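Visitor: Okay, predicted coordinates and the sequence, questions at the end:
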Amino acid sequence: MVEKMSSDIAVIGSGPGGAVTATLCAEAGHNVLMIEEGPHLPLDSAAHFSHQEMLQKYRGGGVGLALGRAMIAYVEGRCVGGGSEVNRGLYHRTPGVILERWRREFAAEGLMPEALAPHFAACEATARVEFLPGDAPLMSSRLADGARALGWEAIEAQRLFRYGGPSNEGRKQSMSETFVPRFLRAGGRLIAETRVSRLRHSGGKWHLTARRSREGGPARQVEITAENIFVACGAVMTPSLLRRSGIKRNIGNSLRFHPMLKAVALFDTEVNRSDDLDPVHQIKAFEPRFSMGCSFSKRPTLALAMTAHPEHMRLVESDWKRMGIYYVQNMSAPAYVRNLPGFRDPLVVLRHDPAQLAELAEGLKRLCEALFAAGAVRVFPGVEGYPVLHSPSDIAKLPDTVRGTGSSLTSVHVFSSCPMGEDRSKCATDSFGRVQGAEGLYLADASLLCGPTMVNPQGTVMAIAHRNAMHAIERRFH
């Protein structure tokens, strides 16, 4: 039996872009249905970064792969709240130099910092942004110490977090904690575990074909009609859905990543405690070429980060309190997203730029330099075949570029597969997210961003979604 549903507006996806968009539309008095492929779970349904959380809340159990000369393993959220439920919540407004590049290269309108500021502020009023209330963990501050010793700029980043409680453990300001409840209070409807497979426009309305999972029973086919649709499935799945629906102009041709290389540092003293808050320091001295920061460094993640050096794995048990994980990231060349017959998820193929791979290799050397300046006694680059470094002089042994499939590139930031702007030769939508040549069809997620943000993109996604939703509402979706 087919389940039929209808609404004024359907929002496909409940991550930062979808949740913000759905909330504003519901508060404007529209009948809004927000559809999420993944489950609706509490923020604390599993320990953060645990195996259980990966199975519950990540797409593919946390395994996504972009194929290419040097492959990238990437992750995406798949639950109510999307990536905001599983990321660390480091928060930045979009750097002005990035917005200027988007205006120049994509003819994107209205992307001045002063024009976006009210939209950032509006989102921050619901999803609170705070600095750590006190000293940062030593593992984090050591990175800043190393940067300062070398004369490099380092900052403490804010987080989408509301601190408090006996140990200031606080609570992350994910979408399930902030915008999703606000959406429901405004009268919006949310259905989870429902995957939309195709879109079709006829008779002045959009028709969505979907399947809804049911606990203890077979999946049920669902047909949804809506006058307007916002697609917010993420930078990989949004172009996949659009292309499967025959919408292909500049769709899925320009996916970008922030590829990362990691290194584990063993320090001269203890820097890592089991009850530490998340690290927050970042080195900004080399942006926009590359940036550096600290990663979540509990024992299971330390063991994973040390797999390139199995002969030293025992250190994770004996000396984990002296160890921390650090990363360098830059901006990738474009990748493309294509559906394959018979496969549920799309193929992602990356076309590497040799200059960017060399840039990332340089960034790894700079990161190791900072770690030794911070008091590291050994550094373990997270790349198979790379040597253990015992002193700054060993850094010269590292390769000058990233090569091959064993490069250990990862990414937690994925965007730009359907860029916005007025340059119709390269943009999938106009400057406010309306898809070219498609009445009542909008995009509202990281796929809209014109390129890498150089910083965590969640703040940018939320602010642009807020701006674009307000624009559509004010113009009555015309």
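Guide: On my side now, so go ahead.

Visitor: rest of the way, CA atoms for contacts and neighbours
Guide: Will do.

Visitor: residue ranges with poor pLDDT in this protein?
Guide: Low-confidence regions of the chain, defined by pLDDT under 70, span residues 165-168, 216, 404-407.

Visitor: can you tell me which residue is nearest the centre of it?
Guide: Nearest residue to the geometric centre of the chain (CA atoms, centre = their mean): residue 413, 3.6 Å.

Visitor: Surely that one and residue 257 touch.
Guide: Yes. Taking contact to mean CA atoms under 8 Å, the distance of 5.7 Å between residue 413 and residue 257 places them in contact.

Visitor: For residue 214, which non-adjacent residue is closest in space?
Guide: Here the nearest residue to residue 214 in space, its sequence neighbours aside, is residue 220; by CA to CA, 6 or more residues apart in numbering that works out to 7.5 Å.

Visitor: Make sure that neighbour is indeed in a strand.
Guide: Yes. Going by DSSP: H, G, I helix; E, B strand; the rest coil, the assignment for residue 220 places it inside a strand.

Visitor: can you pull out the strands in the stretch 101-250 of the chain?
Guide: Chain-ordered strands for the stretch 101-250 of the chain, with DSSP state E, counting those that start in this stretch as the definition, fall at 154-156, 158-159, 161-162, 171-172, 189-191, 194-202, 205-214, 217-231.

Visitor: so who does residue 314 touch?
Guide: When contacts are counted by CA atoms under 8 Å, 6 or more residues apart in numbering, residue 314 touches no other residue.

Visitor: Can you spell out the domain ranges of this protein, please?
Guide: The chain breaks down into these structural domains: 1-40+80-129+173-251+417-478, 49-78+131-172+259-411 (assignment by automatic domain parsing).

Visitor: picking up where we left off before, nearest to residue 282, of the strands of the stretch 101-250 of the chain?
Guide: Comparing these by their distance to residue 282 (CA to CA), the top pick is strand 154-156, with 5.5 Å.

Visitor: on that earlier part again, roughly how far apart are the residue nearest to the centre of the chain and residue 248?
Guide: Remark: distance between residue 413 and residue 248 (CA to CA, to the nearest Å) = 23 Å.

Visitor: same check, this time on residue 173
Guide: Plainly put, residue 173 is 35 Å away from residue 248 if you go by CA to CA.

Visitor: ok, now residue 95?
Guide: Looking at residue 95 against residue 248, where the rule is CA to CA, the gap reads 30 Å.

Visitor: repeat for residue 226
Guide: 21 Å.

Visitor: So if I had to pick from the two, which one is more boxed in?
Guide: Comparing residue 226 with residue 248 by other CA atoms under 10 Å, the one with more neighbours is residue 226, at 22 against 17.

Visitor: Roughly how far does residue 203 sit from residue 427?
Guide: In terms of CA to CA, residue 203 sits 27 Å off from residue 427.

Visitor: Check residue 355 too.
Guide: Residue 355 sits 25 Å away from residue 427, going by CA to CA.

Visitor: most neighbours per residue, which of the domains of the chain?
Guide: Neighbour counts averaged per stretch over the domains of the chain are highest for domain 1-40+80-129+173-251+417-478, at a mean of 21; criterion: mean count of other CA atoms under 10 Å.

Visitor: Determine how far the last residue of it lies from the first.
Guide: Length of domain 1-40+80-129+173-251+417-478, first residue to last, CA to CA: 35 Å.

Visitor: what separates it from the chain centre, distance-wise?
Guide: If you compare the mean C-alpha spot of domain 1-40+80-129+173-251+417-478 with that of the full chain, they lie 14 Å apart, counting by CA atoms, centre = their mean, to the nearest Å.

Visitor: Residue 375 touches residue 268, doesn't it?
Guide: Yes. The criterion here is CA under 8 Å, and residue 375 meets it with residue 268 at 6.2 Å.

Visitor: residues in contact with residue 425?
Guide: For residue 425, the contact set (CA under 8 Å, 6+ apart) comprises residue 250.

Visitor: my guess is it is in a strand, correct?
Guide: No. Secondary structure of residue 425 (three-state DSSP): coil, not part of a strand.

Visitor: Can you give the contact residues for stretch 22-41?
Guide: By CA under 8 Å, 6+ apart, the surrounding residues in contact with stretch 22-41 are 7-14, 18, 56-57, 78-80, 179-180, 182-183, 186-196, 466, 469-470, 473.

Visitor: how about 6 Å then?
Guide: The contact list for stretch 22-41 (CA atoms under 6 Å, 6 or more residues apart in numbering) reads 7-14, 78-80, 183, 186, 188-195.

Visitor: how near is residue 262 to residue 320?
Guide: Here residue 262 is placed at a distance of 16 Å from residue 320 (CA to CA).

Visitor: Ok, residue 63 next?
Guide: Residue 63 sits at a distance of 26 Å from residue 320 (criterion: CA to CA).

Visitor: Spell out, range by range, the helices that occur in the stretch 251-400 of the chain.
Guide: Along the stretch 251-400 of the chain, the segments classed as helices by DSSP state H, counting those that start in this stretch run 299-305, 314-319, 354-373.

Visitor: Output these as TSV; include the columns distance to residue 403.
Guide: Conversion of those to TSV gives the following (distance: least, CA to CA, whole Å):
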stretch	distance to residue 403
helix 299-305	19
helix 314-319	27
helix 354-373	8
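
Visitor: Please name whichever of the ones you listed is nearest to residue 243.
Guide: For these, the distance to residue 243 is smallest for helix 354-373, at 28.7 Å, taking CA to CA.

Visitor: So which elements touch that closest one?
Guide: Helices and strands touching helix 354-373, by 3 or more CA pairs under 6 Å, 6 or more residues apart in numbering; DSSP states H and E, are helix 138-149.

Visitor: what helices or strands is the helix it packs on leaning on?
Guide: Other helices and strands packing on helix 138-149, by 3+ CA pairs under 6 Å, 6+ apart, are helix 354-373.

Visitor: who's in contact with the helix it packs on?
Guide: Contacts of helix 354-373 with the rest of the structure, by CA under 6 Å, 6+ apart, involve 146, 147, 400, 401, 402.

Visitor: ok, now stretch 98-115?
Guide: Among residues not part of stretch 98-115, those counted as contacts by CA under 6 Å, 6+ apart are 421, 422, 423, 431, 450.
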